[in-house]
Every structure is written in C-alpha cells, then in structure tokens.
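Q: 3D, please:
(one chain, ligands or ions: 1)
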Amino acid sequence: MTTTQTQTQTQTIQSTPKLQRHSRLSTARYGKDGVKVLRIVRSAEWHEIAEYTVTVLLEGDIDSSYTEADNSVIVTTDSIKNTINIFTQNSAHVLQPETFALEIGMHFVAKYEHIKKAHVDLTQHRWTRIRPSATGTAHGHSFRRDGDDKRTVSAMVDASLGLDKIKADLQAGLKDVFVLKSTGSSFDGFIQDEFTTLKETQDRVFSTVIACSYDLKLPQKDPECFSLQDAVDAPLDKISDSVRNITLDTFAVDFSASVQATLYTMADRIIEANALVNDVSYSLPNKHYIPIDLSFYQEKKGAANDVLLPTEFPSGLITATVSRV
Ligand SMILES: O=c1[nH]c(=O)c2[nH]c(=O)[nH]c2[nH]1
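A: Predicted structure coming up:
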C-alpha cells in the first residue's frame, strides 16, 4: 500500500461522522485481575513468606476512555500489574494483608490526580512452617500448603473529596474453608406442606464451605482523613485469628439446629469478641451428604447411616449479614 493510499484511508476513518448516542456511561471501573505474587522477606536463617492473588480496579475521570476512545486517561492495566509487583518488593507492610491492600490503594489515588477510587482485593494463600521431626521446631524457610482456605481482604480507598479527606472501606475475611461434622447437627420443625419430602432428623452430617467477610471500622487519628498509620495501629492479624478460631470452634463444638442458627451464633460471637467489627457476613452452602439406603443388603433394616453420597450440587445456600446493636 502506498503512502497516499494510507493517508486517504486514515482521512476516511477520521471523517466518519459520530454516531448519535443512545446511552451514557453509568459506572466504569477497570484494572488488573489475578495478579499472583510471592514475597520472601529474608532475615538470616529465618524467612517470612506471603503469597497473594491481587485484583486492583480503578475509578475516576476515565469516562472519555470509554466514550471517546481517549486513551490519555488510562493507567494501563499492565502498569497496574507492575505497580503491584513493585509494591510487593518494596512495601514494609507486605506481610500484613489489610495494610498492604490499603497501601496499594492509597498509592493509586495519590499518584494519579484523576483516579479517585482504588479497589484492592487480595487473597492470601496459606503457607505454614514445616516442623521437621528431627527438631520438632518450626523450620526457617520450609513451608507447606496446609489447606485450601484463604484469608481475604477487600479495600477501597476513596479520594473523591481530595487527598486531605480520604475515606477507606475495609473488609477482611476467609473463604474456601471446607468443613464437615459427622454428628452434632439436627434439622427439624420446618414447614411441612405438599412440596415437602425432606425428613426431619436429629442427627445428620453438616458440611459447608465457609466464606466469611467482616467490615472493619478502623479508629482514625484524623476523623476527616484516613491514613495508612490507622491500619498499622489496628490489631488486624489478631482480629483475623479471632474470626477464624470462632468460626471453626463454633462449627465443631456447638450443636447445630440449622445452618442458619449456626451462622448467627458464629457472627454474634465475632461481634462480641472484636470491638472493631460491626458487621459480619457469611455464605454457607449446605453440602448435602445423603445416606445411601443399604437396607436391601443389610440383615437389619434401617441400618445406621454410615455410608453417604457426597453431592456437590444442588446445595442449600445460607447467607446473612449480622450487625452490631
Ligand atoms: O440447616 C438447614 N437449613 C435449611 O434451610 C435447609 N433446607 C434443607 O433442605 N435442609 C436444610 N438445612
């Protein structure tokens, strides 16, 4: 193609009249999803590690990138990924997931004037120190993935009113905590009508994959403006441990009258034990294990329900948010 041909084509494209608009942009948020990082914090023989999957989404004066093909307002998602990697290397808070997420969010609203909000979601994968049998003590640099469950953080930094009036929303939680108790759970007294086939039971398997999220109300030195120090000063790891322990202890020890009742007890205890937590949400799928009828084979009819069929779907799904009174 000659230069003249190229120019003519370019002119044709540029002179295309703008289409009449039938819409407006209501909301827009963009960024990088699923950025995976492992940080090693080295100190002689003792290493600390943190593995995260991070999502950063930005909001602000970016509408023209959608409506006018104006890329001049775009901090590329590639740069967002690079920023996460660089903060993972340089941050003094990298081992404290809530503070780390807030720090990344603060960076984007401070660095780019037209970026008003940053949403940082972070999942922390479990690594626990191996205790070699020769010593019985925690090893300095060897770890094992002791479970699928993860710690979660969802941080939002809002500088819409200016950098001297920053607001921060912070939720933390856990997810993918797969638990099962083989007794200590009943379910009866529910509505009986022409749609009901479920039998009442005083003894059933209770299994669920726990997802829990709690809002954190951080005390602020300056009530008008959030600062990272507010997160540094808060006992965030202690709260996380407390939520995990209460959730697992309640599930294990309490007799369950229903998934709903167990959910409420867990959340109520978390609010009682943690002054900075005012709202707790749970999502508890009821993973049904259905007794397999072996009465055709067993000598004794109605043999104990010791063999069950694990079913993934359909599952019940019990959710709620519980708030401080
Ligand atoms: O704990 C339960 N809650 C329900 O709402 C329900 N529904 C159901 O079929 N089984 C159960 N179990």
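Q: just the helices in this protein please.
A: 3-14, 63-67, 77-90, 97-111, 228-232, 236-253, 259-273 (DSSP state H).
Q: Report pLDDT for residue 293.
A: pLDDT recorded at residue 293 is 87.
Q: picking up where we left off before, can you say which of the helices of the chain is packed in most?
A: Counting by mean count of other Cβ atoms under 10 Å, helix 97-111 has the highest mean neighbour count of the helices of the chain, with a mean of 23. C-beta coordinates here come from the backbone N, C-alpha and C atoms, glycine included.
Q: relative orientation of it and helix 236-253 in degrees?
A: Our comparison of helix 97-111 with helix 236-253, counting by axes from the mean of the first three to the mean of the last three Cα atoms, to 10 degrees, yields an angle of 140 degrees.
Q: helices or strands next to helix 97-111 in the packing?
A: strand 46-60, helix 77-90, strand 115-125, strand 150-158, strand 167-181, helix 228-232 (3 or more Cβ pairs under 8 Å, 6 or more residues apart in numbering; DSSP states H and E).
Q: Enumerate every residue touching the residue positioned nearest the centre of the chain.
A: Centroid-nearest residue in the chain, with Cα atoms, centre = their mean: residue 152, separated by 3.7 Å. When contacts are counted by Cβ atoms under 8 Å, 6 or more residues apart in numbering, residue 152 touches 121, 122, 123, 124, 171, 172, 173, 174, 175, 213.
Q: what pairs with the last one across the strands?
A: Residue 213 forms beta bridges with residue 173, residue 281, as assigned by DSSP bridges.
Q: contacting residues for it?
A: Residue 213 neighbours (Cβ under 8 Å, 6+ apart): 152, 154, 171, 172, 173, 280, 281.
Q: need those residues in JSON lines with distance to residue 318 and pLDDT, can you?
A: What follows is those, written out as JSON lines (distance: Cβ to Cβ, whole Å; pLDDT from 0 to 100):
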{"residue": "152", "distance to residue 318": "19", "pLDDT": "98"}
{"residue": "154", "distance to residue 318": "21", "pLDDT": "98"}
{"residue": "171", "distance to residue 318": "20", "pLDDT": "98"}
{"residue": "172", "distance to residue 318": "21", "pLDDT": "98"}
{"residue": "173", "distance to residue 318": "16", "pLDDT": "98"}
{"residue": "280", "distance to residue 318": "14", "pLDDT": "98"}
{"residue": "281", "distance to residue 318": "12", "pLDDT": "98"}
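Q: can you pick the most crowded of the residues you listed?
A: residue 280 (28 neighbours; other Cβ atoms under 10 Å).
Q: measure that residue to residue 266 for me?
A: Residue 280 sits 8 Å away from residue 266 when distances are taken as Cβ to Cβ, to the nearest Å.
Q: Same check on residue 241?
A: Counting by Cβ to Cβ, the gap from residue 241 to residue 266 is 15 Å.
Q: got any residues that touch both of residue 280 and residue 266?
A: The contact lists of residue 280 and residue 266 share residue 212, where a contact means Cβ under 8 Å, 6+ apart.
Q: in stretch 211-227, what counts as buried?
A: For stretch 211-227, a neighbour-count test (16 or more other Cβ atoms under 10 Å) marks 211, 212, 213, 214, 215, 216, 218, 220, 225, 226, 227 as buried.
Q: State the phi and psi torsions of residue 292.
A: Here is the backbone geometry of residue 292 (degrees, to the nearest 10): phi -90, psi 130.
Q: Skipping its backbone neighbours, what lies nearest it in space?
A: Leaving aside its chain neighbours, residue 292 sits nearest to residue 307 (4.8 Å; criterion: Cβ to Cβ, 6 or more residues apart in numbering).
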